[in-house]
Structures are given as structure tokens and as C-alpha cells.
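Visitor: pasting the sequence and the predicted model now:
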Amino acid sequence: MRWRCALCALLSVLGSCAVGPDFKRPAAPSAPSYGAASKLRQTVGAPGFAGAAQRLTPGQDIPADWWTLFQSPKLNHLIEVALRDSPDLASAQAALRQARELYLAQRTSLFPLAQGGFSATRAKNAVASISNPTSLPQADPYYNLYTAQLSVSYLPDVFGAARRAIEAAKAQADSARFQYEATYVTLSSNVVVTAVQEASLRAQVAATERLIGLQHQLTTTVRAQRKLGTASDLDVLTQETAEAQTVATLPPLRKQLGQTRDQLTALLGRLPAQEPEESFRLEDLTLPAQLPVSLPSQLVEQRPDVRQAEENLHAASASVGIAITDMLPQFAISADLGSSALKLGSLLGPYTGFWSAGGSLTQTLFDAGALLHHKRAADAALDQAGAQYRSAVILACQNVADTLRALAADAEALQASAEADRAAKAAFELARRQHALGTVSFVAVLNAEQSYRQAELTLVLAQAARYADTAALFQALGGGWWNRR
């Protein structure tokens with residue numbers, strides 16, 4: 001009894017430890033900001049829509065449905081459809097369910113395995129060479145044998161191999177969860193950016209069509225002046241070239257608009273023939289005035305890709321422990337209990353029962369270094385996962401810094417474009433009044449209006465960039481998935 005108690009105590013002590021490195025979460029970045037990009041506290045403003053100054057608030061939380069800040073019911077509806085019907089999101093959900101089930105399956109390795117069996121055999125003895133298996137001599141060599149058996153096996157987790165495997169499976173399930181969150185954030189962001197791109201292209205197509213109309217009027221005027229002798233052939237050819245160049249810019253814009261609509265349809269989980277009825281203009285969107293900014297130490301908690309890289313690092317750490325346990329002795333306990341009889345009704349009768357119990361210990365003595373190389377490979381995989389985690393953190397901080405710079409630069413570009421648009425419009429109105437007084441030619445009026453339309457086209461691009469930058473900032477900061485129920 002003393003030896004049994006000592007053995008149980010020894011197994012209990014060994015079972016409470018797990019060999020290999022214990023995972024510790026990497027320390028958060030100590031950098032207090034994103035460098036020079038963090039100096040931005042408020043963007044410059046400009047007249048007109050999409051020109052409002054945006055204030056950046058450090059530490060402000062991000063709502064899960066951040067896209068509602070654009071105040072577009074059509075955009076909200078399309079994102080709801082995309083989140084419901086997207087096959088990419090459905091695939092990520094299925095991968096998450098699979099990883100969770102594999103984790104739950106791995107947890108069962110801590111418990112004994114019990115299996116029940118029943119067999120029925122009809123056999124014939126070779127009576128001329130061996131004796132009948134029964135205790136009584138029989139002339140009939142045929143017999144039936146029925147066996148019912150219960151087998152129990154258990155692998156004691158002496159060195160923590162099972163617990164390390166469970167730890168790795170749990171980390172892989174968490175990695176799948178953050179992959180799902182990354183897909184969710186990316187999908188919603190792509191819908192917003194695609195809607196903004198569609199609105200921008202529609203405005204560019206409209207501005208280009210107006211510009212082509214002006215170019216055509218100017219070409220007609222120059223041709224008439226050529227007939228009167230007030231313009232040369234060079235003037236006509238120059239104007240025809242300018243008109244043709246403007247016309248050549250329209251088909252690519254229409255192509256991009258059509259492809260953008262196809263992209264938006266695909267994001268909704270639909271075929272091209274199921275294009276949504278909703279269309280977008282820049283005037284339909286409102287630029288959010290308050291924007292959040294998270295510190296790098298917060299960012300590593302918010303970015304799904306960083307959290308996924310962390311869980312991959314966790315799984316690699318647990319794999320090192322598994323590789324170490326493979327080099328250590330392997331223990332197994334098994335037991336069998338059953339009954340065997342020549343008649344089915346006698347299975348539970350006397351003298352038919354049997355049982356066995358035993359244990360085993362196995363230690364690899366020679367494998368030409370296979371286990372050692374597996375251990376070194378696990379160490380290398382851990383180093384790789386650590387480097388990938390650091391790379392993910394650097395990329396996340398770079399994304400935020402790039403977006404902050406884009407917000408500042410594009411706000412200034414919009415301010416300059418709005419000023420150029422205002423000046424070009426004023427010059428066009430002045431030319432019209434002067435033409436009415438007879439002080440300038442009609443060609444001068446058309447040239448002024450052409451400059452105004454080109455400034456209008458530049459303004460459209462600057463306005464769309466601000467919307468896209470705002471959506472990019474929310475995505476770069478993690479998209480607020482932690483606030484979603």
C-alpha cells in the first residue's frame with residue numbers, strides 16, 4: 001500500500017507540470033506615438049461638402065458600426081447585406097467553428113478512453129489435428145463463440161504533452177477567431193471604400209462629360225472663326241486635339257465605374273447580374289468630424305491581424321513543449337473486462353468472465369536524431385512566429401501613421417482645390433459678364449469655363465480622398481470589433 005501511495009503521489013506531481021516554455025504575451029510597444037504623424041490634432045477645413053475640419057481624439061473608442069458615422073442609410077443597408085451574405089465571411093465563420101470543435105476534441109485527451117465490443121464467431125475445428133476448445137469431448141467440430149468486452153485505456157499526462165496539445169489547439173481556435181474578425185473589418189471597410197470610389201467616379205464622369213461639351217462648343221467656335229479668317233488652321237487642329245484628348249479620358253472612367261459596381265456586387269455576395277439598386281454620390285455622405293486615435297499599446301489589442309499573429313506565436317510555443325515531451329518516456333494504462341461463452345445465453349454465467357490490467361512505459365532509444373530535429377524545427381517555428389508577430393505590429397503602426405499623414409495631406413489638398421475651384425468659377429463668371437459687354441470673345445468665355453470644369457474635376461478627387469482616408473483610419477485602428485455583441 002505504501003508503494004502504491006508513493007506511485008500515485010509521484011504521478012500526481014509529474015502531472016501537475018508541463019515541460020516546454022510557458023507562453024507569455026509579448027510586451028506592448030513602448031512608443032508613445034506614431035512619430036511625426038502624431039502631431040496632427042485637427043485637419044484644415046475647406047468650404048463645401050467633405051470640407052469640414054476633422055478633430056482627432058486620442059483614446060476615443062471606436063463603435064462597432066463605425067460606418068454609420070457617414071450618415072448614409074443606403075451605405076448602412078449594403079453593409080448589412082454584405083455581412084449577411086458574403087461567402088468570405090461565411091468561410092471565416094466555418095473555419096472558426098472547425099477550430100473550436102478541434103479544440104474541444106483535443107480536450108478529451110485528458111480523460112480515459114472506454115470502448116465496448118461484442119463479437120460472434122462460427123468456427124470449425126480440425127478434429128484430426130487439434131483438440132476441441134471445449135472441456136467436454138464433442139464429435140461435432142462446429143461451435144459458436146460469443147464475446148462481450150469492455151476496454152479502458154488511459155495515457156497519463158505525466159510530462160504535459162496533452163495539455164500542451166490542448167494549449168496549441170486553443171491558440172489555433174483563437175487565431176481563427178481573430179481571422180474572422182479581420183475578415184469582418186476588411187469586408188465592411190471595402191464596402192465603404194468601394195461606395196466612395198463609385199461616388200467619385202460618377203462625379204468624375206459627369207464633370208468630364210460637361211468638359212467634353214464645352215470642348216465641342218469651343219471647337220465649333222474656332223472652326224467658324226477659321227471660315228471668317230480670324231483663326232488659323234493651327235488653332236483648329238490644336239482645339240480638335242484638346243477635345244479628342246478629353247474625350248479619350250471618358251471611356252476609362254466609365255470602365256472603372258462599371259468595374260467598381262461589379263466589385264460592390266461581389267462584396268455583397270452576389271453575381272454581376274444581381275447588381276444592387278443603390279447608387280452613391282459624394283453628396284450622399286457626411287464626413288465624420290470626430291476621429292479616434294489609439295496609442296500603439298492600444299493598437300496591438302485592437303488589430304485583429306496582430307492578435308492573430310500573437311495566437312500563432314502562442315501555438316508555436318506550445319508546439320515546442322509537445323516536441324520535448326516526444327523525447328521523454330511515454331506511459332500507458334489499459335484494462336479489459338469481459339465474458340466469453342459458447343452460447344449467447346451463457347455470457348453472464350459463471351466461469352465465462354475474464355479481465356486483464358496492465359501498464360507500459362516506452363522510451364525511444366534510437367531514432368537517428370529524428371526527435372531532436374523535430375525539437376529544433378519547433379524552436380525555429382517559434383522564432384519565425386515571433387518575427388511575424390513583430391512584423392505585424394510594425395505594419396499596424398505604419399498603417400495608422402500613413403493614414404494620419406494622408407488625412408492631413410488630403411485635407412490641405414482639398415483646401416487648395418476648393419480655392420482653385422472658387423477662383424476658376426469667379427474667372428468664368430467674370431468672363432461671361434465681360435462677354436456680355438463685348439470686351440472679350442466667346443472663345444475666352446469657353447476657355448474660362450473649361451478651366452473651371454477641370455478645377456471641378458480635381459476638387460471631386462480631393463473630396464473622395466477624404467472619405468476614403470477616414471474609412472482607412474477606422475480600419476487601421478481595428479474597426480471596433482471588440483464592441484460588437
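Guide: Nice, I can see it.
Visitor: got a pLDDT number for the nearest residue to residue 355 once chain neighbours are set aside?
Guide: Sequence neighbours aside, residue 337 is the residue nearest to residue 355 in space, at 4.7 Å (criterion: C-beta to C-beta, 6 or more residues apart in numbering). C-beta coordinates here come from the backbone N, C-alpha and C atoms, glycine included. At residue 337, the predicted lDDT confidence score is 94.
Visitor: name the element residue 337 belongs to?
Guide: strand 330-341 (DSSP states H and E).
Visitor: follow-up on the earlier one: in this structure the residue nearest to residue 355 contacts residue 147, no?
Guide: No. The criterion here is C-beta atoms under 8 Å, and residue 337 misses it with residue 147 at 11.7 Å.
Visitor: bridged to the residue nearest to residue 355, which residues?
Guide: residue 150, residue 355 (DSSP bridges).
Visitor: please tell me how far it sits from residue 111.
Guide: Distance check for residue 337 against residue 111: by C-beta to C-beta, to the nearest Å, it reads 18 Å.
Visitor: before we move on, back to that, for the residue nearest to residue 355, give its distance to residue 153.
Guide: Taking C-beta to C-beta, one finds residue 337 at 13 Å from residue 153.
Visitor: beyond whichever helix or strand residue 173 is part of, next helix or strand please.
Guide: For residue 173, the enclosing helix or strand under DSSP H and E is helix 161-228. Proceeding N to C from helix 161-228, the next assigned helix or strand is helix 233-248, under DSSP H and E.
Visitor: packing partners for the helix or strand following that next one?
Guide: Downstream of helix 233-248, the first helix or strand assigned by DSSP H and E is helix 250-267. The contact analysis (3 or more C-beta pairs under 8 Å, 6 or more residues apart in numbering; DSSP states H and E) places helix 250-267 against helix 161-228.
Visitor: the helix it packs on: how far from the chain's middle?
Guide: 18 Å (C-alpha atoms, centre = their mean, to the nearest Å).
Visitor: residues near the nearest residue to residue 183 once chain neighbours are set aside, how many?
Guide: Nearest residue to residue 183, sequence neighbours excluded (C-beta to C-beta, 6+ apart): residue 92, at 4.2 Å. Using other C-beta atoms under 10 Å, residue 92 has 21 neighbouring residues.
Visitor: now do residue 417
Guide: By other C-beta under 10 Å, neighbour count at residue 417 equals 24.
Visitor: distance of it relative to residue 461?
Guide: Taking C-beta to C-beta, one finds residue 417 at 8 Å from residue 461.
Visitor: likewise for residue 49?
Guide: In terms of C-beta to C-beta, residue 49 sits 14 Å off from residue 461.
Visitor: so what's residue 205 up against?
Guide: 250, 253-254, 257 (C-beta atoms under 8 Å, 6 or more residues apart in numbering).
Visitor: hmm, 6 Å instead?
Guide: Listed by C-beta atoms under 6 Å, 6 or more residues apart in numbering, the contact set of residue 205 reads residue 253.
Visitor: pLDDT score assigned to residue 7?
Guide: Model confidence at residue 7 (pLDDT) stands at 52.
Visitor: shaky segments in the chain?
Guide: 1-16, 127-139 (pLDDT under 70).
Visitor: now the helices for it?
Guide: 2-15, 73-85, 87-107, 161-228, 233-248, 250-267, 296-302, 304-325, 370-437, 442-476 (DSSP state H).
Visitor: for those helices, give me a markdown table that also has distance to residue 361.
Guide: Output for the helices of the chain, formatted as a markdown table (distance: least, C-beta to C-beta, whole Å):
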| stretch | distance to residue 361 |
| --- | --- |
| helix 2-15 | 12 |
| helix 73-85 | 54 |
| helix 87-107 | 24 |
| helix 161-228 | 14 |
| helix 233-248 | 82 |
| helix 250-267 | 58 |
| helix 296-302 | 45 |
| helix 304-325 | 14 |
| helix 370-437 | 17 |
| helix 442-476 | 55 |
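Visitor: quick one: which of the ones you listed is nearest residue 285?
Guide: helix 442-476 (5.9 Å; C-beta to C-beta).
Visitor: any idea how far the closest one is from the middle of the chain?
Guide: That offset, for helix 442-476, works out to 32 Å (C-alpha atoms, centre = their mean).
Visitor: do stretch 475-485 as well
Guide: 12 Å.
Visitor: what's in contact with that stretch?
Guide: 62-64, 66, 181, 185, 189, 294, 302-303, 399-400, 403.
Visitor: any idea how far residue 50 is from residue 300?
Guide: Distance from residue 300 to residue 50, by C-beta to C-beta: 32 Å.
Visitor: and residue 121, by the same measure?
Guide: 84 Å.
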